[in-house]
Every structure is written in structure tokens, then in C-alpha cells.
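Chemist: sequence first, predicted model second:
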Amino acid sequence: MIYSFLLVVHIGGGIVTGIAASYAGVVLWQRTSALYRACALILGALAAFEVFSGVVLAFISLKITAQSLCNNVALYLLIVFFVETLLFIRMRKVSISFPLAQTLIPVVASLALMVAAVSYGL
């Protein structure tokens, strides 16, 4: 029961992340610089949430291996990193400071949790 609930929340978070990344693409395309910072912060928070919820799912599931967790997290973060990089480049061009600490710290914290879970014996 709890696994199903967490799976729905995790998939929902993935859908929201896809929507947020698409919205960031539209914002970049339209050059709406006032929204760059908000998009970067939202994507950072969503990335951290998705890694955290993925780790929790892997921890309580008997089917998810450490290898599959690492592969999924790497693919997911690669996509988010790509969009964040586009935002960073555009923000730099228009002299807006990128919220590096606010986007990086939650992701690093969730990755640390993943490393701890894998070393625990996930």
C-alpha cells in the first residue's frame, strides 16, 4: 500500500518535472528573463525530490536494485542538468546571477542519501 502511494507520488513528480522543464524551454525560447531564476529553483527542488523519492522507493522495494537506481537517477539528473545548463548560459548572457547554491544543495543532499542507501545495502 505505501509502495503504491510512493510510486504514484514519484511518477507524479516526474510528470511535474517534465512540465517544468518544458516550461523552462518555453521561457528560454521567449527570452522571458524575469522567469529564469524561478525555473532554475523549481527544477533544482524537483530534482532533489525525485532523487529522494526514488531512493525511498528503492529502499522499500524488493525489485529495484542499486544498479537500476543509479542508472535511473543518472539519466534523470542528466536531463535536468541539461535544462539547468541552458538556463545558466542564458542568465549569464543577460547578467542575472544563477542560484547555484539553492539549486545544487538539495540535489547534493539527495544524492548523499542515495549513496548512504546504496552503501547500507540497497
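Modeler: Good, I have the coordinates.
Chemist: which secondary structure elements does the helix or strand bottoming out on mean pLDDT in the chain contact?
Modeler: Of all the helices and strands that make up the chain, the one with the lowest confidence by mean pLDDT, DSSP states H and E is helix 100-120; it has a mean of 87. Using 3 or more Cβ pairs under 8 Å, 6 or more residues apart in numbering; DSSP states H and E as the contact criterion, the secondary-structure elements in contact with helix 100-120 are helix 36-60, helix 66-93. For the C-beta atoms, the positions are set from N, CA and C on the backbone; glycine is no exception.
Chemist: now the last one and helix 100-120, what's the angle there?
Modeler: So that's helix 66-93. Orientation note: helix 66-93 sits at an angle of 170 degrees relative to helix 100-120 (axes from the mean of the first three to the mean of the last three Cα atoms, to 10 degrees).
Chemist: next, the buried residues of helix 66-93.
Modeler: Residues of helix 66-93 classed as buried under the neighbour-count rule (16 or more other Cβ atoms under 10 Å) are 69, 72-73, 76-77, 80, 83-84, 86-88, 90-91.
Chemist: what angle do that helix and helix 36-60 make?
Modeler: Using the same axes, to 10 degrees, one finds that helix 66-93 and helix 36-60 are set 170 degrees apart in direction.
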